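Asks: return atomic coordinates for the entry below.
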Amino acid sequence: MGRSSIEALHQAGHDVVGLVRTDEHAARLAATGAQPWKGDLYDRPTLTAGMKGCDAVANLATKVPVGSSALRPGSFKAMDRIRLHGSRVVADAARRADVGRIVQQSLSFIYADHGDDWIDERSAVDVSRASEPVVVGEDNVRAFADQGGVAISLRFGLITGEDANTAWLFRRAAAGRSIGLGEELSWMHVVHPDDIGTAVVHALVAPGGHYNVGSEPVHRCDYVDTIARAAGRTSGRFLPGWVLRVGGQQLEILTRSHRVSSQLFSDRTGWQPRHPHLTPAWFDELVEA
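Replies: Residues are numbered from 1 along each chain as shown. Predicted structure coming up:
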């Protein structure tokens, strides 16, 4: 998300300051043309100092466990802390630095299962132990808006492309192993990494609120088969039900049927996904690797 956003922001003519924790990451960030600011997400004074003079803050921080590590007890603890507490620190630092706008990374996973019905921003959410940190993150930036700022929460679909979790699925599919979760004809909301960055750029002019961001919804079976074909297989396979039972609520939110529309964000900002439909081309970098 960060790399995609830096590239899109630069292409749109913006200067970027990026938070880093190590010298190695600072060097990588500087190579992209962004200005590194060394600090920690939970260090309010350092964040405030780094935000001084900025017009907007994009909080894209996350720590998603990769592959089967998501089944380990406590694997989501760091990510939940980022959403529950980190988002509050970021919002408070932005207010202290007189930043006018926050863009908060959120997820469409929080919506309830709506079967074949379309989901928009007015649709009901289903708050579970797994999705609660995402909802709290949105609430933390909403408090920033209550104090006079503009808060945008972008409810992204499942990132699908050149990312660690997709790469893990791709390798499993190439080996002929199962990768699908849930009902085959249920719907998925996905987003290409490139479209994360352009959405952040358009969020800089969006009216305050929460917005869905992603490509056209895809049936779960088509998602699985598309990855499998890109990996050299004729079709994909689904994991057995016991895996979901082991994964509990953390995996349950990944199996909800989400036929999500991003039309409101397009209507209000002019954003359009560069990758509107899932195709095998989304995995070209993984094929080359």
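Asks: strands along this protein, start to end?
Replies: With strands called from DSSP state E, the chain shows them at 17-20, 35-38, 56-59, 101-107, 118-119, 150-156, 158-159, 187-188, 190-191, 209-213, 218-219, 259-260.
Asks: which secondary structure element of this protein has the lowest mean pLDDT?
Replies: Using mean pLDDT, DSSP states H and E, the weakest-scoring helix or strand in the chain turns out to be helix 241-247, at a mean of 71.
Asks: mind checking the longest helix of this structure?
Replies: Counting residues, the longest helix in the chain under DSSP state H turns out to be helix 132-146.
Asks: how about it: buried residues?
Replies: Going by neighbour count (16 or more other Cβ atoms under 10 Å), the buried part of helix 132-146 is 133, 134, 135, 136, 137, 138, 140, 141, 142, 144, 145. Where you see a C-beta, it was placed from the backbone N, CA and C, and this is true even at glycine.
Asks: check stretch 113-131 too.
Replies: Judged by neighbour count (16+ other Cβ under 10 Å), stretch 113-131 contains these buried residues: 113, 114, 119, 121, 123, 125, 128, 130, 131.
Asks: which residue packs closest to the last one, ignoring adjacent ones?
Replies: Translated: residue 131. Distance criterion Cβ to Cβ, 6 or more residues apart in numbering; nearest residue to residue 131, sequence neighbours excluded, is residue 110 at 4.5 Å.
Asks: you'd agree that neighbour is up against residue 130?
Replies: No. Under the criterion of Cβ atoms under 8 Å, residue 110 lies out of contact with residue 130, with a separation of 9.3 Å.
Asks: could I get the contacting residues of residue 213?
Replies: Residues touching residue 213, when contacts are defined by Cβ atoms under 8 Å, 6 or more residues apart in numbering, comprise 154, 155, 156, 157, 191, 195, 196, 199, 262, 265, 271.
Asks: number of nearby residues for residue 215?
Replies: The burial metric for residue 215, expressed as a neighbour count using other Cβ atoms under 10 Å, is 23.
Asks: and for residue 193?
Replies: 19.
Asks: show me what contacts it?
Replies: 1, 3, 4, 159, 161, 162, 163.
Asks: repeat that with 10 Å
Replies: 1, 3-5, 159-163, 166, 275, 282, 285 (Cβ atoms under 10 Å, 6 or more residues apart in numbering).
Asks: can you flag which of those residues belong to helices?
Replies: Within these, membership in helices is found for 3, 4, 5, 166, 285, as judged by DSSP H.
Asks: for the residue lying closest to residue 186 once chain neighbours are set aside, what are its contacts?
Replies: Spatial nearest neighbour of residue 186, excluding adjacent residues (Cβ to Cβ, 6+ apart): residue 257 at 3.7 Å. Counting by Cβ under 10 Å, 6+ apart, residue 257 makes contact with 111-117, 119, 182-183, 185-189, 217, 219-220.
Asks: hang on, the earlier thing: I'd say the residue nearest to residue 131 and residue 254 touch.
Replies: No. Using Cβ atoms under 10 Å, residue 110 is not in contact with residue 254; the gap is 11.9 Å.
Asks: which residues do these two both contact?
Replies: A shared contact of residue 110 and residue 254, defined by Cβ under 10 Å, 6+ apart, is any residue touching both; here these are residue 130.
Asks: what about the two, which has more around it?
Replies: Neighbours per residue, other Cβ under 10 Å: of residue 110 and residue 254, the larger number sits with residue 110, 23 against 17.
Asks: coming back round to it: what touches both of residue 110 and residue 130?
Replies: residue 253.
Asks: any idea how far residue 127 lies from residue 157?
Replies: If you measure residue 127 against residue 157 using Cβ to Cβ, to the nearest Å, the figure is 19 Å.
Asks: and if you look at residue 22?
Replies: Residue 22 is 30 Å from residue 157, by Cβ to Cβ.
Asks: higher neighbour count, the two?
Replies: It is residue 157, of residue 22 and residue 157, that has more neighbours when counted by other Cβ under 10 Å, with 23 against 10.
Asks: tell me the contacts of that one?
Replies: For residue 157, the residues meeting the contact criterion (Cβ under 10 Å, 6+ apart) are 107-109, 188-192, 195, 212-215, 217-218, 258, 260, 262.
Asks: alright, calling it a day.
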